[in-house]
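Undergrad: Have a look; sequence and predicted model below, questions after that.
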Amino acid sequence: MKITKQRRHSRRGFTLLEVLLVLAILGVIAVMVVPQLLGSQKRAMIDTTRASIHGLEHALELYAIDHEGEHPQGGQETLNTLLEPVDRDGNPRDPYIERLNDAWGEMLFYEYPNTKAANSTKPAIWSSGPNRQDENGAGDDINNWSDLVH
């Protein structure tokens, strides 16, 4: 009588059931985590845009210091004077600011004199916000005069 030895083979892969179980667990985790991450990203982009608006305000203050206390008059098109300034003799000088975009890559809006906030001596600056549609500072637009109202 011959006794045969059975060799144990080591397992070298996963069964289909194990793979499907792992995928199901990852799907459940994704359903719980992704909405939280998307909300955080939107808040971060809004905060970044607020910082861009604050940076533009600072650049406008530097411009006013160099121009006898006057901000550039007009609308958004006047912001080019911050990107490509010239001195009193017409010679180019360093820009007051490097970019005029919000976190979504859209141009910031500008108005001086400010008609958005009563009795404000600051220029009105706003972004079209997450929906990227200019609502003249209302709706989901991010602006620098809402804090003045409180």
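TA: Nice, thanks for sending it over.

Undergrad: Would you point out which residue is most central in the chain?
TA: Nearest to the mean C-alpha position of the chain, by CA atoms, centre = their mean, lies residue 103 at 2.2 Å.

Undergrad: shaky segments in the chain?
TA: Scanning the chain with the threshold set as pLDDT under 70 gives 1-11, 147-150.

Undergrad: And the helices in it, which stretches?
TA: Remark: helices assigned in the chain by DSSP state H are 16-66, 80-83, 146-149.

Undergrad: Residue 108: what's it in contact with?
TA: 52-53, 56, 76, 79, 100-102, 125-127 (CB atoms under 8 Å, 6 or more residues apart in numbering). Every C-beta, even on glycine, is put in place using the N, C-alpha and C of the backbone.

Undergrad: measure the residue lying closest to it once chain neighbours are set aside to residue 49 for me?
TA: Sequence neighbours aside, residue 100 is the residue nearest to residue 108 in space, at 5.2 Å (criterion: CB to CB, 6 or more residues apart in numbering). For residue 100, the distance to residue 49 equals 12 Å [CB to CB, to the nearest Å].

Undergrad: Show the contacting residues for residue 50.
TA: residue 142.

Undergrad: hmm, I was thinking of residue 126
TA: 53, 108-109, 116, 136-137, 141-144.

Undergrad: ok, 6 Å please
TA: 109, 137, 141, 143 (CB atoms under 6 Å, 6 or more residues apart in numbering).

Undergrad: which one of those sits closest to residue 13?
TA: residue 141 (55.4 Å; CB to CB).

Undergrad: Quick check: the closest one touching residue 135?
TA: Yes: when contacts are counted by CB atoms under 6 Å, residue 141 is listed as touching residue 135 (5.1 Å).

Undergrad: Those two: which has the busier surroundings?
TA: With neighbours defined as other CB atoms under 10 Å, residue 141 and residue 135 compare such that residue 141 has more, 20 against 12.

Undergrad: Distance check, that one against residue 59.
TA: 20 Å.

Undergrad: Spatially nearest residue to residue 76 (excluding sequence neighbours)?
TA: Nearest non-adjacent residue to residue 76 (CB to CB, 6+ apart): residue 110, at 4.9 Å.

Undergrad: Surely residue 45 touches residue 103?
TA: Yes: between residue 45 and residue 103 there is a contact at 3.9 Å, judged by CB under 6 Å.

Undergrad: Great, nothing more from me.
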